[in-house]
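Novice: Structure for the following, please:
(chains A and B, ligands or ions: 2)
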Amino acid sequence: MAEVLVYVDHVDGAVRKPTLELLTLARRIGEPVAVALGNGAADTAATLAEHGAVKVLTHDASEYADYLVVPKVDALQAAYEAVSPAAVLVPSSAEGKEIAARLALRIGSGIITDAVDLEAGDEGPVATQSVFAASFTTKSRVIKGTPVITVKPNSAAVEAAPAAGSVEALAVTFSDKATGTKVTARTPRESTGRPELTEAAIVVSGGRGVNGAENFSIIEALADSLGAAVGASRAAVDAGWYPHTNQVGQTGKSVSPQLYIANGISGAIQHRAGMQTSKTIVAVNKDAEAPIFELVDYGVVGDLFDVVPQLTEEIKTRKG
Amino acid sequence: MSLRIVVTVKYVPDATGDRHFADDLTVDRDDVDGLLSELDEYAVEQALQIAEDADDAEVTVLTIGPEDAKDALRKALSMGADKAIHVEDDDLHGTDAIGTSLVLAKAIEKAGFDLVVSGMASTDGTMGVVPALVAERLGVPQVTLLSEVSVEDGTVKGRRDGDAASEQLEASLPALVSVTDQSGEARYPSFKGIMAAKKKPVESWDLSDLDIEAEEVGLEGAFTKVEAANERPARTAGTIVKDEGEGGKQLAEFLASQKFI
Ligand SMILES: Cc1cc2nc3c(=O)[nH]c(=O)nc-3n(C[C@H](O)[C@H](O)[C@H](O)COP(=O)(O)OP(=O)(O)OC[C@H]3O[C@@H](n4cnc5c(N)ncnc54)[C@H](O)[C@@H]3O)c2cc1C
Ligand SMILES: Cc1cc2nc3c(=O)[nH]c(=O)nc-3n(C[C@H](O)[C@H](O)[C@H](O)COP(=O)(O)OP(=O)(O)OC[C@H]3O[C@@H](n4cnc5c(N)ncnc54)[C@H](O)[C@@H]3O)c2cc1C
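Specialist: Numbering: from 1, shown residues only, chains lettered A, B, ... in the order given. Ligands and ions are numbered 1, 2, ... in the order given. Now for the predicted structure:
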């Protein structure tokens, strides 16, 4: 069976969920061979094996942390040359897309970004994309070279499928361009203890209607009652009420949870672009005419300062 | 020594319009008004600021697109860019990301550059890969997705806010940067700027000017193929209730019925 390269997104050896989803999708088109780079690369092997990796290629070097993107492209290219895969799958993070694009160019292939589904086709893998702020669904294929495809988080349910996952050291020679962009300082993000926005099953968001940084505690309380991640509209972020890393939308994160709750958000096209594929959409807005109500499964026309705390209380009561 | 800055700007269908696909599954550009991709306004803004901080600098805006794409160039010129290059050729219709990066890289080389400034993503394809591809082709450092950028003594510095960390980056010129919408509001063209833009030079290049063969680009040269495009079915109308004191409880009831609680 053909091998499929899967680029592993991990933090010091802890594999992030989108990679496990990729392994699930990769099994539809071949046998997953995972590529894990940087600090803790070898520690990813057990998790990757459990989810179907037949082989795990690992390499660690200081270049991955000290320079931007290109060292990782060099390594993925080395893996590509070692394996000759039928496809290369990379998680659709900002960095993942850049790595995938440069690899595609180097190996003479096309690239498809932000796939939301993937299936085997007679002429190679067929990717589903959700485009124009999720108002259209397209099916596309790479028709030259080895398909390089990046896949959005929450595009598949993670399935365990134990495989050998034998660890092999990858030999990497860095190109002379690898050290072009230096990382001179790095400030890690502080963890909030809440689920990662793009991976969360439930997202609770606040917009301009939240009216102040201090009021976001109402949104956080609702999120915590549901074990949800917190999102924000750009208006709330631009006002300085919530960090940009929590922005949902075209220039923020795109989320596709089981449940999305929009509070005090009008539903501008750029916001919709980031949440329209959520399974169930709920909104609280005091304006009955707000465009967000065109999307909802359930909407409450009302003041969020009344509705949200009452909802939070009710959830806590029901959960006991 | 003069700092030569090239800004790549894309002409896109208005995102608030009714965007559609044409019969050949490329974007239908006749149906919706086009404009300068809003995210490229941030690129123009940062390029202008870098130029203002330099002793001597020249900002050239570059687009690949149909005849109407000149509108995007005019907008950038009226913001303050010095000159413009329009790459236009019938054979470019349907060019994908790999092909776009080829044409951009050749045009940037022909124009001459010390710094390329791009947007974080277009507002139509929204791939966010063209800057990385162009950097790979030009063989210069990519300093991308910056929320803050400055150039001094032949070095570009910037801040990249990623998922896991915020990073400070540094590279020597020549280099390519892309900037996010967090990099600072873009200026509005002044009346004077709009009048001045009318007199600024816009060069037109076609594929032969760039030594690119027709089969390297367009639908024919594409590395990817769209096989189907379907409008997403409208969501079925949901339940909407007016809060009369019990709105939160009613919503909780709905969430419970859907097994979220
Ligand atoms: C290139 C570009 C990219 C963009 N990217 C993004 C993006 O990634 N994400 C994003 O969100 N936006 C983005 N935007 C901005 C977008 O166009 C909107 O301006 C933004 O989404 C509006 O945020 P909002 O809904 O919070 O604010 P508003 O549109 O001001 O809506 C506030 C809503 O809150 C309601 N409200 C007020 N008070 C209350 C209350 N007490 N109780 C209940 N409801 C109340 C109001 O009725 C209103 O509907 C982008 C714009 C551009 C041009
Ligand atoms: C809905 C949709 C989905 C698509 N999916 C794919 C796909 O999966 N694979 C694929 O290969 N192609 C795809 N395309 C085609 C692709 O969008 C175009 O080839 C496009 O020119 C490059 O990608 P982008 O617009 O996404 O640019 P991005 O990579 O998002 O653009 C980033 C920056 O590059 C610069 N730039 C991009 N295009 C131009 C231009 N024409 N002129 C000047 N500067 C420019 C701008 O500075 C811009 O801010 C898709 C197009 C659409 C409309």
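
Novice: mean confidence score for stretch A:189-201?
Specialist: Average pLDDT, stretch A:189-201: 92.

Novice: What is the burial count for residue B:112?
Specialist: Residue B:112 sits with 11 neighbouring residues when counted by other C-beta atoms under 10 Å in any protein chain shown. Any C-beta I mention is one placed from the backbone N, CA and C, and that applies to glycine too.

Novice: So residue B:88 sits against residue B:206, correct?
Specialist: Yes: in this structure, residue B:88 is within contact of residue B:206 by C-beta atoms under 8 Å, at 6.5 Å.

Novice: If you count surrounding residues, which of the two has more?
Specialist: Relative neighbour count places residue B:88 above the other of residue B:88 and residue B:206, with 17 against 14, counting by other C-beta under 10 Å.

Novice: how close does the residue nearest to that one when sequence neighbours are not counted get to ligand 1?
Specialist: Once flanking residues are discounted, residue B:88 sits nearest to residue B:204: 6.0 Å by C-beta to C-beta, 6 or more residues apart in numbering or on different chains. Distance check for residue B:204 against ligand 1: by C-beta to the nearest ligand atom, to the nearest Å, it reads 28 Å.

Novice: can I assume residue B:204 is in contact with residue B:84?
Specialist: No: the pair residue B:204 / residue B:84 is not scored as a contact, 9.5 Å apart, by C-beta under 8 Å.

Novice: Now list whatever residues contact both of those two.
Specialist: When contacts are counted by C-beta atoms under 8 Å, 6 or more residues apart in numbering or on different chains, residue B:204 and residue B:84 have no shared neighbour.

Novice: who's more crowded, the two?
Specialist: Comparing residue B:204 with residue B:84 by other C-beta under 10 Å, the one with more neighbours is residue B:84, at 24 against 13.

Novice: Before we move on, what's the pLDDT of the residue nearest to residue B:142 when sequence neighbours are not counted?
Specialist: Of all residues not flanking residue B:142 in the chain, residue B:135 sits nearest, at 3.6 Å (C-beta to C-beta, 6+ apart). For residue B:135, the pLDDT comes out at 98.

Novice: Around ligand 1, which positions in chain A sit nearby?
Specialist: With C-beta under 6 Å from any ligand atom as the criterion, chain A meets ligand 1 at residues A:207-209, A:233-236, A:247-252, A:264-266, A:268, A:270-271, A:274, A:284-287, A:290, A:303-305.

Novice: among those residues, which are in strands?
Specialist: The strands in this structure, assigned by DSSP state E, contain A:284-285 from those.

Novice: quick one: secondary structure of residue B:163?
Specialist: Secondary structure of residue B:163, reduced to three states by DSSP: H, G, I helix; E, B strand; the rest coil: coil.

Novice: Roughly how far does the closest residue to it other than its chain neighbours sit from ligand 1?
Specialist: With sequence-adjacent residues excluded and distances taken as C-beta to C-beta, 6+ apart, residue B:163 is closest to residue A:93, at 6.3 Å. In this structure, residue A:93 and ligand 1 are 16 Å apart, going by C-beta to the nearest ligand atom.

Novice: Can you tell me how far residue A:93 is from ligand 2?
Specialist: Residue A:93 sits 15 Å away from ligand 2 when distances are taken as C-beta to the nearest ligand atom.

Novice: same deal with residue B:189?
Specialist: Applying C-beta to the nearest ligand atom, one obtains 19 Å for the distance of residue B:189 from ligand 2.
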